[in-house]
Every structure is written in C-alpha cells, then in structure tokens.
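# What follows is a predicted structure for the sequence shown.
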Number of protein chains: 2
Amino acid sequence: MAKEPIQVIEPVKITEPEKVELGKMLFFEPRLSKSGFISCNSCHNLSLGGVDALTTSIGHEWQEGPINSPTVLNADYQLAQFWDGRAKDLKEQAAGPIANPKEMGFTHELAVATVASMPAYQARFEAIYGKDSVNIDNITDAIAEFEKTLVTPNSPFDLYLKGDKDAISASAKSGYQLFKDKGCATCHNGPAVGGTMYMKMGLINPFHTDNPAEGRIAVTGNEADRNVFKVPTLRNIELTYPYFHDGQTWTLEEAVNTMADIQLAKSLTEEQTADMVEFLKSLTGEQPQITLPILPPSNANTPRPVPFAK
Amino acid sequence: MAKEPIQVIEPVKITEPEKVELGKMLFFEPRLSKSGFISCNSCHNLSLGGVDALTTSIGHEWQEGPINSPTVLNADYQLAQFWDGRAKDLKEQAAGPIANPKEMGFTHELAVATVASMPAYQARFEAIYGKDSVNIDNITDAIAEFEKTLVTPNSPFDLYLKGDKDAISASAKSGYQLFKDKGCATCHNGPAVGGTMYMKMGLINPFHTDNPAEGRIAVTGNEADRNVFKVPTLRNIELTYPYFHDGQTWTLEEAVNTMADIQLAKSLTEEQTADMVEFLKSLTGEQPQITLPILPPSNANTPRPVPFAK
C-alpha cells in the first residue's frame, strides 16, 4: 500500500504492570477530589470512549466546565495535552484537574495526604518508587503510565490498512478517499488521526460558538494563536460525541459538514457525507478491557471528603 | 461447629450470564440520569465496597441526599431494600433512584427512550426478554440480576466458619465471642450479618442525629415504627464507612461503642472494642471482579443529557 497519512495503532506492550495497576487505581480514585465523588474516570469514562459525552463537564459542586472533555483514549499519541496544548504530556495533564477548583476542586497537598494515609497505597508506591514516595509527581506519573495503555487497536480501518481489503465497506473506502482528497488528512493524520499539530478553528470560514475558549493564545500569548486548538484525534470518534471544543455538535454528519465548510470551504453531497461518516466509524477500535480496581479503605488518618460547603 | 448466628456466603452461580451482562451495562449507564453523569455505580461504587463513602450521597445538580447510601454488596440477602425497607426487592429498588429528583433526576419514560434508542441495547433486550422489550420493568430486572451477583465470599471469617481455625486472629475470635455474648448477633445475623429484620435505632438509649429520616414509619404509618430501620449488613463493614443511616460515624471503634450503648446499654473496654473491630474486619470478603462494560454510543434518536438547567 502506498504511504498513507494514517498509521496503524498497535496493541500496547506493558513493561511496568505494577505501575500501570497503581495508575489505574488512582484513575478511578474519587478521593483525589475534594468531594470524594469525582475521579479521572468521571469525565474520561472508559465505558464511554474515554469521555463524559457531555457538552462540557460537570465539576466540583456541579460547576459547568469551560470546554469539552477530550478522550483519554490514544491520548499519548498527541504532541501535547488539553485543547490548547498547555500540558506537555499526560503526567503534566493529570495534575491539572485534581487542583482545578472547577473540576476536582482539591489540592495536591490533600491528594497526597489522602493517598499516603492508606497503607495499601504506601506499599505500592514503595515497591515502585521507593520509600516515602507518595507525592504528586509519582501520583501523576502512575496515572500517566496507566493512560498510556489506553489504546484502541484493531479498528476495522487498521485491519484495512494492514491489508484486509474487506475490513471496511465500499462506502468507508470512498469516505477515506474523500478524506484524503478534500484535505482532511492535512491536519488529521498520524496514528491517532489527529493530535500531531495545532490549527486554527475556522481557518477559512468562521466557527460560531458562545464558548469563550481562546485556544493556544492562552499558552503562547501570541495573537496569531487565537482560536488555534490542538487538532483532536478522530480515533473512536463515533464514541466521543458531542464534537469540537465547545461540544455543541452531536452528530458526525453535522461535524463533517462544519469542518468541510470552515476549514476547507468545501461542501459535500449527502452521499459524500455518508461515506465520510462510514469511514470515521471504521476508526472505532477495540476498547481497553478494564478490570475495575478495588480501592483500599480510608482510615482515621485519611482526610475526610468535603462534598458540601457548610 | 455448633450452630452459629452467621452463615457462610457462597460464591454466586450465574445462570443467566447475558442478563447479568446487560444488567452490568445498565448499572454503569450514566445515561439513565437526567445529567448523563450519574449511574448506579456513582453511589454504589464497586471500587469502594459498593458505597460512595460519603455521609449522604450527591445527586442531580449536586443535591445533598437524605440518607447514607447502603452497600449493594450482598444486598440480595436482605429482607427488603432501602433503610426503611420500602422496596421489596432489588428490582423494585432499582427503579427508585432513576426517577428520584434528588438522585438521578430522570423519568422512567426518558430512561426507556434512552436505552431503546440504541440498537445494541435493543438487540440484547430482544435476545433476553423478546421483541420490543425495552421497558422499565426489564431494565430494573436486568440491573437486579447483576446486583444479585455482587456477593463477597471467602472472607477470613467465612474460612473460619468453614473450619480453618487460623483464618482469623485470636483477637477476632475474642471479638466474635463478644459479638455473640453482648447481644449484637440478636440483630446482626444470617449470611449478610444483618438485613434479616427491622430494629429501632436507639432501642435503649437515644441515638442523637440531625438526620430527619423517620425510619419504617414512613412505610407503615405505624408510630411504633418511628426510628425503626433495617438492620444493615456488616459484611465488608471496613469498606462501607461512614456508618449508620446518618453517615456521621467514621470509625468502626466509634460505631461499635455507639451500638453497644444505644442498643444494648453496655460498655466495652478498649481491648474489647479492638477485638470487636478485628472481628468486623474479618468480614471483608473477596470483592466482585468487574470488567468495566463498554456502552453503546448515543445516536440522533437518543435523548440528550440535560446536565445544567438553562
């Protein structure tokens, strides 16, 4: 096969299973939030394609989040994390929501005190990171190592790329050809079909939204980066609705047509749209099989959750 | 061994695996709530002993729940469900939170429309319940069948009951003897070490609480049932803090002493308390191994979540 803009995602090889297991516990750990109710999995729900399937997320005390939650699936294939790329990697990202007053609403100090209070966590940290090693650096390191395992190989499209010509439908094949011909693959490329660059949202025609997010200018301070966002992965896009950073678009048909318009100034026929959607659905891979972790009980030394302001 | 007040919990035998799998999906299904954010597992978290480990639960729009969430583990061993026994079984219980405006805040009609909108759910219901069978009766039936599998066998105490004299410590054995001698087993008995009867909270000395729950009088209208609650299971009690229907007691030591006082007008030495706690901790069994379900994606026919009032 000629060089393709999309590369196969391979199953992950786990080299540090104990760290991954610890990271999984922490990913599902609601006691990393002030309320004791919100975990990483609350907004990056591994039953739902690694998202919450909401326009914007629900945070501490039911605060309305500022932006659509990106999927955690295949996230390590991206050049940076968050829509504006403000975290350089998964580890740096993981520290954000814990201490964000609108998300988990906690502090790193209390998160560390919570984890450190439980002998079962202490033993795992000691075995992996050494004595007295429960700190935010290692907590987020373990979460990141778990997240790196959240890849979705063997999508029909990957099987097709690997040579199985019957793995996707004729419509999906047409959609893929359109995807390349129309210019989508200029930005959506690489193993994650995205995540390799930043691009202006509304490159040719303006994107209309009430969402106040300014994009990468918030990181760089550069006016040219206004409305520039990380190009999102299209892997598992069937599962990660609603779409765009404002989460206002609920169907793939609408999303495809919006992109064609604002990024490429092109229009698609109904049949082309349907083909493109068929192609996009062929990007749904095998979802990670997660055995729910059993978390150690709190004890008298564990900071108590504060779900309700008194 | 002489006849004991506590019976061994046996591993569950699953006879309808497809129904259990469907019930698991629905148990983890946040789209059974108005917000699309709250599932059964939110307050009966299977990573946390089947509870939320909060004084009272967080519901739709962060409303403060009226009572402590009881564990879903071994719940089918109880004579009825909810603290006041107002649901006769797990199936009847499961219908409550979905439509409770303070919990999942949805309606049964919208829950059914949500599930019925997804072909993958339709196919599962059809295979199990027959054509066009997505309704609240079958949704709650499947959830209940899953919940019946959530038992915790092979606790150290069960191994002890089965004849392994070294399965629990000398302190736990003393604690068990005290548990019987002091009268705890009068109410906390059966396989779930509770759940077999209703009893007044504050039988001899009053229980002081700000919690307005009135107990079983809310079901029977009988004044004699004021402050009468279902005797909770003590299985996995180490995991299901905080304790009592008001969730104001965070340690087992305090819980044991409160019970001795208000139910039995007895006091325990420090050593007796420690022994009793050791015995109670020996009731922690093998937690259910749950593979997180992968839920089907919403589509254009799926009612959209309404997380925030407009």
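Everything's here; your move.

# Now do the same contact list for A:Asp52.
Residues near A:Asp52 by CB atoms under 8 Å, 6 or more residues apart in numbering or on different chains: A:Ser42, A:Cys43, A:His44, A:Asn45, A:Ile58, A:Ser69, B:Pro30, B:Gly36, B:Phe37. All C-beta spots, glycine's among them, are computed from the backbone N, C-alpha and C.

# Would you mind listing the residues in contact with the residue in the stretch 51-200 of chain A positioned nearest to chain B?
Of all residues in the stretch 51-200 of chain A, A:Trp62 sits closest to chain B, at 3.7 Å by CB to the nearest CB. By CB under 8 Å, 6+ apart, the contact set of A:Trp62 is B:Glu61, B:Trp62, B:Phe308.

# List the beta-bridge partners for the closest residue to the last one other than its chain neighbours.
Distances taken as CB to CB, 6 or more residues apart in numbering or on different chains put A:Glu64 closest to B:Phe308, at 5.3 Å, once the chain neighbours are dropped. Note on A:Glu64: beta-bridge partners by DSSP bridges are A:Ile58.

# Strands of the stretch 101-250 of chain A, start to end?
Ranges of strands within the stretch 101-250 of chain A are A:198-200, A:228-230, based on DSSP state E, counting those that start in this stretch.

# what's the first one packed up against?
This means strand A:198-200. Packing partners of strand A:198-200 (3 or more CB pairs under 8 Å, 6 or more residues apart in numbering or on different chains; DSSP states H and E): strand A:228-230.

# Toward the C-terminus, what is the element adjacent to the strand it packs on?
For strand A:228-230, the succeeding helix or strand toward the C-terminus, using DSSP states H and E, is helix A:252-264.

# what's the spacing between that following helix and its chain's center?
Averaging C-alpha positions (CA atoms, centre = their mean, to the nearest Å) puts helix A:252-264 21 Å from its chain's average.

# now stretch A:88-103
Its chain's C-alpha centre and that of stretch A:88-103 lie 12 Å apart, by CA atoms, centre = their mean.

# Output that stretch as CSV, restricted to C-alpha atoms.
Written as CSV, here are the backbone C-alpha positions of stretch A:88-103 (Å, rounded to 0.1, in the frame of the first residue of the first chain):
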residue,chain,number,x,y,z
LYS,A,88,3.4,18.8,27.6
ASP,A,89,2.4,15.2,28.4
LEU,A,90,-0.1,13.0,30.2
LYS,A,91,1.7,13.3,33.5
GLU,A,92,1.6,17.1,33.5
GLN,A,93,-2.1,16.9,32.4
ALA,A,94,-3.1,14.6,35.2
ALA,A,95,-2.0,17.2,37.8
GLY,A,96,-4.4,19.8,36.4
PRO,A,97,-8.0,18.6,37.2
ILE,A,98,-7.1,17.5,40.7
ALA,A,99,-6.3,21.0,41.8
ASN,A,100,-8.7,22.9,39.4
PRO,A,101,-11.4,24.5,41.6
LYS,A,102,-13.9,23.9,38.8
GLU,A,103,-13.0,20.2,38.3
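
# re earlier: find the pair from the contacts of A:Asp52 with maximum spatial separation.
The two members of the contacts of A:Asp52 with the most space between them (CB to CB) are A:His44 and B:Gly36, at 14.4 Å.

# before we move on, the earlier item: if I read this right, the residue nearest to B:Phe308 contacts B:Glu61, doesn't it?
No. When contacts are counted by CB atoms under 8 Å, A:Glu64 is not listed as touching B:Glu61 (10.9 Å).

# What count of nearby residues applies to the closest residue to A:Gly105 other than its chain neighbours?
Nearest residue to A:Gly105 in three dimensions, chain neighbours excluded: A:His60, at 3.1 Å (CB to CB, 6+ apart). Applying other CB atoms under 10 Å in any protein chain shown, we find 21 residues neighbouring A:His60.

# Then A:Leu292?
Neighbourhood size, A:Leu292 [other CB under 10 Å]: 20.

# go on, the one 5 residues further on?
Using other CB under 10 Å, the number of residues around A:Pro297 comes to 19.

# Can you give me every residue that contacts it?
Counting by CB under 8 Å, 6+ apart, A:Pro297 makes contact with A:Met118, B:Gly49, B:Glu238, B:Leu239, B:Tyr241.

# I'd like the distance from the residue of the stretch 101-250 of chain A found nearest chain B to A:Asn45, if you could.
Proximity of the stretch 101-250 of chain A to chain B (CB to the nearest CB) peaks at A:Leu239, 5.0 Å away. From A:Leu239 across to A:Asn45, the span is 10 Å (CB to CB, to the nearest Å).

# overlap in contacts of these two?
A:Val51.

# Cool, thanks, signing off.
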